[in-house]
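# please find the sequence and the predicted model below.
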Amino acid sequence: MLLQARINWFGLAGGIATILLIAVSMFVPWWQLTVGDSIVAAGVSPIYTNFSLIGNSFTVPLLFAINLSCILLSLAGGIVMLIYSLRPTRPYAKSLLGFSYKTPLLFVVVFVIGLIALTSIIQAMFSFNVPLFGTTEVNLPSNATEGMNVSVLLSAGFVWPFYLAVASAVLCLGARLYHKRILPPITGAAPSPGTVASTPASAAT
């Protein structure tokens, strides 16, 4: 079999994309929300989450711990995918693939579900809509503004690392689908149950 047939190129690209995603997500969020003229801003991703209030940045310790766990898990998944992609026909390759291809997809799905749940909770608690993407003007609750009519502009949207995360998930899923095509061919098949192998007849005496 040719050398290139023994490399899972989907997995190789997916592993590289996953490691690259970790690096860029430390500086650029997957989703960003801005309230007013940057009075309140939030940059959210599984890798790094940052909030700022009137220009002062702060982090939440619980979210920092979750982000650190996601970094380690994602890094492990990317490295394991690279190891698998270069040795996809080894006996342990399927186990490596089974772990690594799910990680990017899991991050994307859980992240989107978490955003939808978060915006729904905010809408239920404060009675105004936070868009997943786009710009909208909302009126703040009167009990928070001492009865005055105050409206603010909300801007939200997915940032380009989110689409890199989607591409990484698609590539790793493609590696799983492509795996069967690079396995070595089966040279022989075992006899079916109940079949008796024929033997040469004994020589006549």
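Perfect, thanks for sending it.

# from now on I want contacts and neighbour counts done on CA atoms only, so please keep to that.
Fine.

# the closest residue in space to I66 that isn't next to it in sequence and W30, how far apart?
Take I66 and drop its neighbours on the chain: the residue closest to it by C-alpha to C-alpha, 6 or more residues apart in numbering is P46, 7.6 Å away. As judged by C-alpha to C-alpha, to the nearest Å, P46 and W30 stand 8 Å apart.

# stretch 8-23: which residues count as buried?
By neighbour count on 16 or more other C-alpha atoms under 10 Å, the buried set for stretch 8-23 is 8-15, 17-22.

# reformat those residues as JSON lines; add distance to L118.
What follows is those, written out as JSON lines (distance: C-alpha to C-alpha, whole Å):
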{"residue": "N8", "distance to L118": "38"}
{"residue": "W9", "distance to L118": "37"}
{"residue": "F10", "distance to L118": "33"}
{"residue": "G11", "distance to L118": "33"}
{"residue": "L12", "distance to L118": "34"}
{"residue": "A13", "distance to L118": "32"}
{"residue": "G14", "distance to L118": "29"}
{"residue": "G15", "distance to L118": "30"}
{"residue": "A17", "distance to L118": "27"}
{"residue": "T18", "distance to L118": "25"}
{"residue": "I19", "distance to L118": "27"}
{"residue": "L20", "distance to L118": "27"}
{"residue": "L21", "distance to L118": "23"}
{"residue": "I22", "distance to L118": "23"}
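
# out of the residues you listed, who's nearest N50?
Of all these, I22 has the smallest distance to N50: 15.5 Å, by C-alpha to C-alpha.

# hang on, the closest one packs against Y48?
No: using C-alpha atoms under 8 Å, I22 is not in contact with Y48; the gap is 9.3 Å.

# quick one: contacts for the residue nearest to I66?
P46 makes contact with 66-67, 70-71, 107, 111, according to C-alpha atoms under 8 Å, 6 or more residues apart in numbering.

# tell me where this protein has strands.
Taking DSSP state E, the strands of the chain run over residues 31-35, 40-44, 50-53, 56-58, 134-139, 151-158.

# mean pLDDT for those strands: which is lowest?
Among those, strand 56-58 carries the lowest mean pLDDT, a mean of 74.

# what are the pairing partners of that one, and which direction each?
Looking at strand 56-58 with DSSP bridges, its partner strands are strand 50-53 (antiparallel).

# give me the contacts around the partner strand.
Counting by C-alpha under 8 Å, 6+ apart, 38-44, 57-59 sit against strand 50-53.

# chain center to it: distance?
Relative to its chain's centre, strand 50-53 lies at 24 Å (C-alpha atoms, centre = their mean, to the nearest Å).

# and the helices in this protein?
9-25, 61-86, 93-100, 102-126, 160-178 (DSSP state H).
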